[in-house]
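Participant: Fold the following and give me the result.
(2 chains)
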Amino acid sequence: MTSQEAPGPRDIAVVAFAQTDHRRSTEDSSEVEMLMPVLHEVLARTGLKTSDIGFTCSGSSDYLAGRAFSFTLALDGVGAWPPISESHVETDGAWALYEAWTKLLTGEADTALVYSYGKCSPGSVRDVLTRQLDPYYLAPLWPDAVALAALQAQALIDAGHTDEPALAAVGARSRADARTNPHAQLRGPAPQGDYVVRPLRAGDCPPVGDGAAAVVLAAGDRARRLCARPAWIRGIDHRIEAHGLGVRDLTDSPSARLAAENAGAFERPVDTAELHAPFSSQEVVLRRALRLDDSVCVNPSGGALAANPIMAAGLIRIGEAAARIHRGASDRALAHATSGPCLQQNLVAVLEGDPR
Amino acid sequence: MPEALKAPLVVEFPFTRSLGPVQSAFLTGLRERVVLGVRTTDGRTLVPPVEYDPVTADEIRDLVEIAPTGTVTTWAWNHAPRRGQPLSTPFAWVLVRLDGADTALLHALDAPGPDAVRTGMRVRIRWAAEPTGAITDIACFEPYDGEPEQPRGHSGEFADPLTGIVAHARLDYTYSPGRAQSAYIHALSERRIVGERCPSCRKVYVPPRGACPTCGVATAEQVQVGPRGTVTTFCIVNIKASHTANLDIDVPYVYAHIALDGADLALHARIGGIPYDQVRMGLRVEPVWTEGARFPDHYRPTGEPDADYETYKELL
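Facilitator: As a prediction, this is how the structure comes out:
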């Protein structure tokens, strides 16, 4: 599988993407039963078999379903025996893609399978996510994911960056766009509803659901053979904010801006942006930090406000952006993924198609 | 297809965590109703304090007492408190910049309703009745319209500082094992052991997990295996089980891998009905079901001659 090309930067592309239909519950399937059809679909798009893949990397969290070592069971769906070259990250699959991208850059592999899955339905995801917080000062208070997002939303309102009607419009636009996305969980108008944690209402929050996604990466000519119009990764970077919520300016995202700068996002305008903003208020932060004006088509898939399988929703942003390039609906797209409370950690990738 | 099973699952994990010198001083201080911040090399005061400067990464140890009064920097109204949260009645989540601090602390504010809360409002710590040395020694904040309280210049030195905390956590799930394992468990309750065959390599997996780990494809064809099988390998357990369901099992006992007849993967179970030191590779065994149980209690010798090594060597 080792490349014979000369050392140096290699062109690496997303050549295929597949995802499940994201649903409120998948209690009739185990994680591997939910994931396996997506793995088969993404491989079928390229004609590759597991044995053709140089490196496999996945992202998931055992805390979501309360199932220890679930990622090793999920590997059964890949066909990982005899042992394949693989790795796992305990975060969103976008970071698994980052690891796979670096592996391809080294030349040690020419193709990579990246997948992630989240089964949120067995537990209470608002409570589960409190366990990722600082164990000394935050976790004992059980501040749930909606509460922390609401603190950020109020800070944005106080700063004059948004108001409740503008936030509601973000959710409404996302679900309207999701009408053309057969995989989305919320498609079409949904009531803005009551406050969940004020100022965030039901319509400002993502649906809780289960789902999985997978992409195939390939380098150079291999990518051109596997895909009619590869989505070349022109740059990718991820950055993190200071640990303490009270240390940060919650109205801004310096880490997202820096990741975008390092990924080359500001060198030329993008036509599309897939933002991983599970809460409407977070899209407000990201649009400013990433300098996206009204000329950019933001979250044509409906984004995380239409389907938010945790651990997969960030990888899906990269997959959706790549798929638009594959089908000629975009020439240069930005994809963003986040992890942690209030946009704690941010990854930005810039994807381009060959000139038409 | 039988109905997929589900059952409640509770995961509890009490982590014992050690404290750095700054965290120890802060939490010990809360126990003594003293709020401490830490000063960075460029003169900012961080509350809650940390061991390292988030900007410069300098090690910071310069503790300074801070007032228990402060200002709300942002808030969110929580009308439906959840388990473990600071108050059981509706409250506001708040970030509070205490007087003398440059950063904000997350906690709850006890207020009559959202109309009584705004960014910029003044608040004061309400201390817990029985402090333990934890962030919850601050019971919550409460509205405050007096002058800033003056810190008393505490040194940050304590006679018996905390060295660690025990962080309890509990998460509740409704576990569902999925299609393949549900079918396996349903069959077991009828005293049948049913595996699944890979359509590609033809191997039969028991218990089935829904996918062939070699071929990466779904297994679906159900195959009844056993009930008899062969011990492929085993170990002798000398540690008494701690789980209440297993207290009647005397040590030493044998735990074994058993290749059921017709299966291509060994499962594991306890061996009984034979002295522990007479169990051997190749021993032929069968399941023992107890009244009302949904799975075999253990496996016992069948009395057949031992299996030839060649018949199970691929299943080791």
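Participant: Would you mind naming what in the stretch 151-300 of chain A lies close to chain B?
Facilitator: Selection of the stretch 151-300 of chain A residues close to chain B by Cβ under 8 Å from any Cβ of the partner chain yields A:151-155, A:158, A:195, A:197-200, A:242-247, A:250. Quick note: C-beta positions are derived from backbone N, CA and C, even for glycine.
Participant: One more pass at 10 Å, please.
Facilitator: Applying Cβ under 10 Å from any Cβ of the partner chain, we find that the stretch 151-300 of chain A lies next to chain B at A:151-159, A:194-200, A:241-248, A:250-251.
Participant: Out of those, name the ones that lie in helices.
Facilitator: The helices, defined by DSSP state H, take in A:151-158 from these.
Participant: So what sits opposite B:Asp62 in the bridge?
Facilitator: Per DSSP bridges, the residues bridged to B:Asp62 are B:Arg39.
Participant: Let me see the contact set for it.
Facilitator: B:22, B:37-41, B:43, B:45, B:49, B:156 (Cβ atoms under 10 Å, 6 or more residues apart in numbering or on different chains).
Participant: Kindly reformat those residues as CSV containing neighbour count and pLDDT.
Facilitator: Compiled in CSV, the contacts of B:Asp62 are given as follows (neighbours: other Cβ atoms under 10 Å in any protein chain shown; pLDDT from 0 to 100):
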residue, neighbour count, pLDDT
B:Val22, 23, 97
B:Gly37, 27, 97
B:Val38, 27, 97
B:Arg39, 17, 97
B:Thr40, 21, 95
B:Thr41, 12, 92
B:Gly43, 8, 93
B:Thr45, 19, 97
B:Pro49, 29, 97
B:Gly156, 22, 92
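Participant: What is the nearest of those residues to A:Arg175?
Facilitator: B:Pro49 (43.1 Å; Cβ to Cβ).
Participant: Would you state the predicted confidence (pLDDT) at B:Gly146?
Facilitator: Model confidence at B:Gly146, given as pLDDT, is 89.
Participant: quick one: it from B:Arg122, how far?
Facilitator: 8 Å (Cβ to Cβ, to the nearest Å).
Participant: Can you work out which residues contact both of these two?
Facilitator: Residues touching both B:Gly146 and B:Arg122 by Cβ under 10 Å, 6+ apart: B:Thr69.
Participant: same question for stretch B:122-141, mean pLDDT?
Facilitator: 97.
Participant: same question, stretch A:319-338
Facilitator: 98.
Participant: Which positions within that stretch qualify as buried?
Facilitator: Across stretch A:319-338, burial judged by 16 or more other Cβ atoms under 10 Å in any protein chain shown covers A:319-326, A:330-338.
Participant: Now the terminal residues of that stretch, how far apart.
Facilitator: 15 Å (Cα to Cα, to the nearest Å).
Participant: Name the SS class of the residue lying closest to A:Val216 once chain neighbours are set aside, please.
Facilitator: Sequence neighbours aside, A:Ala16 is the residue nearest to A:Val216 in space, at 4.3 Å (criterion: Cβ to Cβ, 6 or more residues apart in numbering or on different chains). When classified by DSSP: H, G, I helix; E, B strand; the rest coil, A:Ala16 comes out as strand.
Participant: which residues does A:Ala16 contact?
Facilitator: A:41-48, A:113, A:214-218, A:226-227, A:230-231, A:319, A:322-323, A:326.
Participant: Please narrow those to those residing in strands.
Facilitator: A:113, A:214-218, A:231 (DSSP state E).
Participant: Format these as CSV; extra columns: pLDDT and neighbour count.
Facilitator: Formatted as CSV, these follow (pLDDT from 0 to 100; neighbours: other Cβ atoms under 10 Å in any protein chain shown):
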residue, pLDDT, neighbour count
A:Leu113, 98, 27
A:Ala214, 98, 31
A:Val215, 98, 29
A:Val216, 98, 26
A:Leu217, 98, 31
A:Ala218, 98, 27
A:Ala231, 98, 31
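Participant: ok, the residues you listed vs chain B, which is closest?
Facilitator: A:Leu113 (10.4 Å; Cβ to the nearest Cβ).
Participant: you'd agree that closest one is up against A:Leu39?
Facilitator: Yes: assessed by Cβ atoms under 10 Å, A:Leu113 is found in contact with A:Leu39 at 7.3 Å.
Participant: Now for the two: what residues contact both?
Facilitator: Joint contacts of A:Leu113 and A:Leu39 (Cβ under 10 Å, 6+ apart) are A:50, A:56, A:78, A:214.
Participant: now that we have those residues, which one has the most neighbours?
Facilitator: A:Ala214 (31 neighbours; other Cβ atoms under 10 Å in any protein chain shown).
Participant: just to revisit the earlier point, farthest-apart pair in the shared contacts of A:Leu113 and A:Leu39, please.
Facilitator: Every pair of the shared contacts of A:Leu113 and A:Leu39 checked by Cβ to Cβ; the farthest is A:Thr50 and A:Ala214, at 12.0 Å.
Participant: sorry, back to before: show only the entries of the shared contacts of A:Leu113 and A:Leu39 found in strands.
Facilitator: A:56, A:214.
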